[in-house]
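In: predicted model and sequence follow; I will ask about them next.
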Amino acid sequence: MRRSSLSARLYRRILLLLAGAGFCMGAMLYIVANREISQASDAQLVNASRLLYMLMQDELPALRPGQGLAEGDEGPLSSDERRAFHASYDWCMFIVVWDQHIIAQSGWGAPTRHVPQKPGLHDFEASGDQWRSYGLTGEDPRLLIIVAERDATREFSVVPVMRKLALPFFGLIGVGALLLWLTLRTGLSDVERLRKTLENRSLADLSPLDPKAWASDFGPLIIALNRLFERLGQGYEKEQAFTDDVAHELRTPVAAIRAQAQLLARAAPAHLRDEADRLIAIVDRANDLVDGMLMLARLDATSASVRSVDVHELVADVVAEVMLRLPPDMIDFQVTPGHVVRWRCDPALLKIAVSAITDNAVHHAAEGRLVEIDLQRRDDRLDVVIMDRGKGIGAADRSRLLKRFERGNLAVTGSGLGLSIAVKAIALMGGSIRLEDRTDGNGLQVRLSLMSVP
């Protein structure tokens with residue numbers, strides 16, 4: 001299961017933290033706004049009761065103890081005064097109590113029996129609604145003016161405020177999320193740069209990283225990587241020295257065995273000469289195996305050195321060296337095109353790869369005894385295609401034969417390292433090797449592909 005990136009995990013966690021903090025701030029804002037609106041509403045209830053008290057100043061002296069509200073009597077508030085109060089506080093109901101008798105009321109709102117007839121602020125329930133009331137006592141303690149309003153009215157006052165704040169609030173969260181993502185991508189760019197730096201290094205490039213080129217947070221990581229490079233370098237040096245020593249130590253006894261086998265072949269009776277020839281072939285294979293192992297060990301400690309190279313001239317040199325090792329007229333070579341083909345690559349690595357593939361083709365060039373080498377240059381790639389007329393290789397065996405010590409089913413000598421040496425050399429230059437069938441008949445073509453490099 002593929003794990004998400006570090007930036008994505010950090011982004012999700014910080015975004016959740018940002019959203020949580022934002023919603024907590026929103027909840028606190030709602031609580032504060034609701035409290036402020038409640039206090040403002042309580043203040044309006046007080047002001048409304050005082051307004052009623054002022055409107056009734058002229059009628060208060062005419063009130064008598066035990067006096068109620070006579071039928072048809074407007075009481076201490078005239079119609080004009082009621083309209084004036086309603087114009088200012090149309091969401092409030094009121095009750096005027098004199099000596100524990102209701103002498104005036106608004107005519108709307110909660111039933112009077114549910115309204116607390118006490119001074120101060122009170123909460124009550126009437127007809128399924130929650131109400132809040134305020135009772136004001138006049139100079140004469142027998143007078144009590146009560147003003148009440150529904151709690152829903154207060155909630156309606158909060159809703160417009162929250163609606164106005166919702167769009168900026170969510171917009172702020174969205175902008176914050178975007179800025180957070182951009183900040184994380186920028187802040188973690190060194191992680192991606194470090195990944196590319198390590199990815200582009202060859203196996204042989206173990207030079208230390210410069211801690212000053214990286215953010216201070218990467219200091220411990222860079223130091224740990226440099227220590228790892230140092231230990232790997234020491235290990236590679238020991239391995240290469242051991243391989244070189246073994247190869248050199250083996251060459252002397254192998255050469256001595258071959259010399260003795262040649263002397264034995266000359267002096268042996270006719271019926272033993274085939275056995276002597278087989279012994280010489282085995283010794284030659286052992287010598288090739290030692291050379292191949294030494295070459296692979298050296299390639300492991302090699303890095304590519306790119307420069308402009310005449311690939312046609314390089315291939316011609318390889319062909320000339322191969323022909324010097326072969327009997328006259330044993331095999332023919334054809335290189336196309338016959339002109340300069342320049343490409344940026346490592347000439348030593350390319351020569352190793354072409355030599356290994358050409359030697360392999362010589363062993364398998366059956367019909368016509370011809371090996372063809374075709375240089376195919378494109379805008380961003382150069383293909384060196386080496387073709388023979390042998391029996392070819394089945395598609396199922398091609399990936400296997402590119403590995404070390406793998407040999408085909410053909411009765412030919414070899415160490416099983418030629419193709420793997422070529423694969424290693426081309427890989428150091430960022431290229432690839434493919435085994436393909438010839439399009440014009442039997443045989444195998446090996447395609448060495450080199451990508452364009454600056």
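Out: Structure's in. What do you need? Keep in mind the model is a prediction, meaning the values are calculated, not measured. Numbering: from 1, shown residues only.
In: where does the stretch 151-300 of the chain dip in pLDDT?
Out: The stretch 151-300 of the chain contains residues with pLDDT under 70 at 154-165, 187, 202-204, 293, 297-298, 300.
In: ok, which stretches of it are strands?
Out: Counting by DSSP state E, counting those that start in this stretch, the stretch 151-300 of the chain has no strands at all.
In: what ranges do the helices span in it?
Out: 151-187, 189-199, 219-267, 273-300 (DSSP state H, counting those that start in this stretch).
In: may I see those helices organised as CSV, with distance to G107 and mean neighbour count added?
Out: Using the backbone N, CA and C atoms, a C-beta is placed for each residue, glycine as well. Listed next are these as CSV, based on distance: least, CB to CB, whole Å; neighbours: other CB atoms under 10 Å:
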stretch, distance to G107, mean neighbour count
helix 151-187, 18, 13
helix 189-199, 73, 13
helix 219-267, 80, 13
helix 273-300, 101, 16
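In: among these, which is nearest V309?
Out: Closest to V309 of these, according to CB to CB: helix 273-300, at 18.2 Å.
In: which strands or helices does the closest one pack on?
Out: helix 219-267, helix 347-364, helix 418-428 (3 or more CB pairs under 8 Å, 6 or more residues apart in numbering; DSSP states H and E).
In: next, format the helices of the stretch 151-300 of the chain as CSV and append distance to A361.
Out: Below are the helices of the stretch 151-300 of the chain laid out as CSV (distance: least, CB to CB, whole Å):
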stretch, distance to A361
helix 151-187, 50
helix 189-199, 34
helix 219-267, 25
helix 273-300, 16
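In: which one of those helices lies nearest to I14?
Out: Closest of those to I14 is helix 151-187, at 5.9 Å (criterion: CB to CB).
In: between the helices of the stretch 151-300 of the chain, which one is nearest to T358?
Out: Closest approach to T358 among these (CB to CB): helix 273-300, 14.7 Å.
In: relative to helix 219-267, how tilted is that closest one?
Out: Put simply, helix 273-300 runs at 160 degrees to helix 219-267, going by axes from the mean of the first three to the mean of the last three CA atoms, to 10 degrees.
In: now helix 273-300 against helix 347-364, angle please.
Out: 160 degrees.
In: C-terminal to helix 273-300, what's the next element?
Out: Next along the chain after helix 273-300, taking DSSP states H and E as the criterion, comes strand 307-310.
In: after that next one, next one along is what?
Out: Using DSSP H and E, the next helix or strand after strand 307-310 towards the C-terminus is helix 311-325.
In: list the buried ones in that next one?
Out: V311, H312, L314, V315, V318, V319, V322 (16 or more other CB atoms under 10 Å).
In: all good on my end, thank you.
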